[in-house]
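Q: need a 3D model of the sequence below.
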Amino acid sequence: MVPLTALWLPILLSAVIVFVASSIMHMVLPIHKGDYHKIPEEDRVLDSLRGAGVTSGRIYFFPYTTHKEMKSPAVVERFKRGPVGLLTLIPSGPPKMGKNLVQWFLYCIFIAIFVGYLTGRTRNPGTAYLEVFRIAGTTAFLGYAAAQIQDSIWRAQPWTVTVKHVFDGLIYGLLTGGTFGWLWPR
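A: Purely as a prediction, here's the structure:
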């Protein structure tokens, strides 16, 4: 067993490496370029949403119904007529990239702590690189990628977008596993 305190360097360094890699993948490489699309007649739609009084910090499902009403002919017809969707609103104003990047980095540390915990509980000091890489990489992959699949299942995110996020998670898992394997206590 390796105590978590002995893994502070791979925890921090893997978080930094994943943070830098994700920045490159999202800002330099064109992988995620087509993930978002402009709403047709955007100004009219935004004016309509403002007029309807929708507020940030909520997720709207439309057409809205209760479980009890789901099979009523009127509700079924509304779903057939469409559109059907989810709308998530964030606070108005310019994007706060600084805040988002800080939260992303803290999440990278959070994942790395769990990677360190699980790997440290299942591997001893001096364990071979590949053994550490396998456990740490798999754990990190699950932390970065597995939950992405839920967005396609429950939020209708296009599977093409989800596959790209899972691929990102695979890269982050490999980088994390490599960092832990490299810096594993001897």
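
Q: nearest residue to P3 other than its sequence neighbours?
A: Spatial nearest neighbour of P3, chain neighbours left out: G120 (6.6 Å); criterion: CB to CB, 6 or more residues apart in numbering. Every residue, glycine included, has its C-beta placed from N, CA and C.

Q: what's the answer for C108, then?
A: A15 (3.9 Å).

Q: burial of the one you found, as a residue count?
A: 23 (other CB atoms under 10 Å).

Q: helix, strand, or coil at P91?
A: coil (DSSP: H, G, I helix; E, B strand; the rest coil).

Q: isn't it up against S56?
A: Yes. Using CB atoms under 8 Å, P91 is in contact with S56, at 4.6 Å.

Q: what pLDDT does the residue in the chain sticking out farthest from the centre get?
A: Most distant residue from the mean C-alpha position of the chain: P73, 37.1 Å away (CA atoms, centre = their mean). P73 carries a pLDDT value of 94.

Q: for it, give its distance to L101.
A: Per CB to CB, to the nearest Å, P73 is found 49 Å from L101.

Q: not counting residues beside it along the chain, what's closest to the residue nearest in space to the middle of the chain?
A: The residue lying closest to the centre of the chain (CA atoms, centre = their mean) is Q148, at 5.8 Å. Once flanking residues are discounted, Q148 sits nearest to H165: 4.2 Å by CB to CB, 6+ apart.
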